[in-house]
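Visitor: Sequence and predicted structure are below.
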There are 2 protein chains.
Amino acid sequence: MSTTTKSAYHHGDLRAALLTSAMEMLEGGETFSLRAVARRAGVSATAPYRHFEDREALESALAAEGLQDLKADLAAAGSVPATPADLGELGVIYVRFALRRPALFKLMFGQECDPENDQRVIAAAELHDMLAFAMNHVFPGHDGEALAAAGWALAHGLAFLHLDGKLKATSQEEVDARVRAAFAAILSIQTSPAS
Amino acid sequence: MSTTTKSAYHHGDLRAALLTSAMEMLEGGETFSLRAVARRAGVSATAPYRHFEDREALESALAAEGLQDLKADLAAAGSVPATPADLGELGVIYVRFALRRPALFKLMFGQECDPENDQRVIAAAELHDMLAFAMNHVFPGHDGEALAAAGWALAHGLAFLHLDGKLKATSQEEVDARVRAAFAAILSIQTSPAS
DNA sequence: ACCTTGGTGTTTACATCGCTTACATAGCGT
DNA sequence: ACGCTATGTAAGCGATGTAAACACCAAGGT
């Protein structure tokens, strides 16, 4: 943006431009490549290296953005969940995100996030805390850590299984219904007084 | 196999050799590449194309093998699970597989399995049926389909979250314990008679 | 015996990719 | 005006996936 008759050599805000270009390609289903991103930003192939040490660094930045978007989606669901059905709705949001932005989602979770410098780990931790809080709010008095892991894993597993076509569904509504059903089914089990 | 003093030009059973080479590299943590596989099999870079139309085709074959191995692991757990704790043990086996052979596991699930020709879809379906049977055997009278999806998703999610470092653990025992705890926590919830 | 056929592997070549090194350019502070 | 520093560019290396044309070998019919 800024002035259009810019220097033509210096871009102005290449870093941001690269991020948005990359994100657009990711959303558009195009295969992700540093060179392609540079091309799309109208810049030489090696320019990105001024701003991202690594291809992985760019990916990590994208992943961080994605994590925050997902967190925002979940937060926009409303207030604190109170019932198992509310948890199901959180699951629906989670899976919808994964299916709406599949490449991004895989980027967010398909690799170890390099632990050192990033705001990515922060975003991931916040996501975890958010889900943990929700689970423990609906089911107080249980093993909080385990419940949080289980809730997250349930949503995450449903997302990935749908993403990879292991659970087939033809429409978004069908997916939503399955997610709700899965949450409802597993949260409504009445265990006999065994353990 | 067959005669060892083979022609030296014709390999004898390149297809199988490629598969085992590729599997070894995958297990060994080396990055997977068609050329590297060919090299390891002592064959030119493009020879694999006689046997696999595509890089993806080779991957798909590996994935199919992996699915059957996983299925075998689960089947080796013993007889039909009868209690929630038994389901937890299945989960442990599932997650262990993922952590023991991470690259393979990602291959198995990290991509849509191309649906046309493969025995891969068959293996995936068998896996699904297996888990569905287990879940429904322990919790009869519920929504079978939903329960199956939930159980699979729970194990799958735990596996991926551990794989990608989103749930951190330092030892195998710690992971096992977390998986058991997650299954136990979510399967032992006593819902109030709401819905 | 010969020649064809078809499966297998090789060679060569190309486009692309991530990344490194060395150089060019613009604007800032002095 | 001058140089410093941040920012891009140019050129190139090694590796990858893929395609085409070619070489090799075993059978099988004639």
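Guide: In hand now; what should we look at?

Visitor: Skip ahead from whichever strand or helix holds residue A:61 and say which helix or strand is next.
Guide: Here residue A:61, judged by DSSP states H and E, is contained in helix A:55-75. Using DSSP H and E, the helix or strand that follows helix A:55-75 in sequence is helix A:84-100.

Visitor: coming back round to it: show me what the helix holding residue A:61 is packed against.
Guide: Using 3 or more C-beta pairs under 8 Å, 6 or more residues apart in numbering or on different chains; DSSP states H and E, the elements in contact with helix A:55-75 are helix A:14-27, helix A:34-40, helix A:84-100, helix A:102-109, helix A:120-138. In short, each C-beta sits where N, CA and C put it, glycine included.

Visitor: and chain A, what are its domains?
Guide: A:3-50, A:55-187 (automatic domain parsing).

Visitor: Nearest residue to residue A:81 in space, please, no chain neighbours.
Guide: Leaving aside its chain neighbours, residue A:81 sits nearest to residue A:134 (4.9 Å; criterion: C-beta to C-beta, 6 or more residues apart in numbering or on different chains).

Visitor: Report how many residues lie close to that neighbour.
Guide: 22 (other C-beta atoms under 10 Å in any protein chain shown).

Visitor: how close does it sit to residue A:69?
Guide: To residue A:69, residue A:134 is 18 Å away according to C-beta to C-beta, to the nearest Å.

Visitor: And for residue A:157?
Guide: Shown here: residue A:157 relative to residue A:69, a distance of 21 Å by C-beta to C-beta.

Visitor: Looking at the two, which is more packed in?
Guide: residue A:157 (27 against 16).

Visitor: Report the contact partners of that one.
Guide: Residues in contact with residue A:157 (C-beta atoms under 8 Å, 6 or more residues apart in numbering or on different chains) are B:152, B:153, B:154, B:155, B:156, B:157, B:158, B:159, B:160.

Visitor: So which of those residues wins on neighbours?
Guide: Neighbour-wise, the contacts of residue A:157 (other C-beta under 10 Å) top out at residue B:154, 32 neighbours.

Visitor: Sticking with that one, tell me its helix or strand.
Guide: With DSSP H and E as criterion, residue B:154 is part of helix B:144-163.

Visitor: what angle do that helix and helix A:102-109 make?
Guide: 50 degrees (axes from the mean of the first three to the mean of the last three C-alpha atoms, to 10 degrees).

Visitor: what about residue A:140, which SS state?
Guide: Using DSSP: H, G, I helix; E, B strand; the rest coil, the secondary structure recorded for residue A:140 is coil.

Visitor: what about it, how many neighbours?
Guide: Using other C-beta under 10 Å, residue A:140 has 9 other residues around it.

Visitor: which residues touch it?
Guide: Residue A:140 neighbours (C-beta under 8 Å, 6+ apart): none.

Visitor: And residue A:31, by the same measure?
Guide: Taking C-beta under 8 Å, 6+ apart as the test, residue A:31 contacts no residue whatsoever.

Visitor: at 10 Å instead, please
Guide: If you count contacts by C-beta atoms under 10 Å, 6 or more residues apart in numbering or on different chains, residue A:31 has them with A:25, A:103.

Visitor: do the one 4 residues further on as well
Guide: Going by C-beta under 10 Å, 6+ apart, residue A:35 touches A:44, A:45, A:46, A:48, A:55.

Visitor: Select from the residues you listed the one having the most neighbours.
Guide: residue A:48 leads the contacts of residue A:35 on contacts (other C-beta under 10 Å) with 25 neighbours.

Visitor: Residue A:59 versus that one, what's the distance?
Guide: Counting by C-beta to C-beta, the gap from residue A:48 to residue A:59 is 12 Å.

Visitor: what do those two both touch?
Guide: Both residue A:48 and residue A:59 are contacted by A:22, A:34, under the criterion C-beta under 10 Å, 6+ apart.

Visitor: which element is residue A:189 on?
Guide: Per DSSP H and E, there is no helix or strand for residue A:189.

Visitor: OK, contacts around it?
Guide: B:84, B:138, B:139, B:142, B:147, B:150, B:186, B:187, B:188, B:189, B:190, B:191 are the contacts of residue A:189 under C-beta under 10 Å, 6+ apart.

Visitor: Just the buried ones from the residues you listed?
Guide: B:84, B:138, B:139, B:142, B:147, B:150, B:186, B:187, B:188, B:189 (16 or more other C-beta atoms under 10 Å in any protein chain shown).

Visitor: What is the nearest of those to DNA strand D?
Guide: residue B:150 (36.4 Å; C-beta to the nearest atom of the strand).

Visitor: looking at it, that closest one is touching residue A:186, isn't it?
Guide: Yes. The pair residue B:150 and residue A:186 passes the contact test of C-beta atoms under 10 Å, sitting 4.0 Å apart.

Visitor: any common contacting residues for the two?
Guide: A:154, B:135, B:142, B:143, B:186, B:187.

Visitor: want to throw those residues into TSV with distance to residue B:98 and pLDDT?
Guide: TSV is the format used below for these (distance: C-beta to C-beta, whole Å; pLDDT from 0 to 100):
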residue	distance to residue B:98	pLDDT
A:154	16	97
B:135	19	92
B:142	27	81
B:143	27	86
B:186	19	92
B:187	20	89
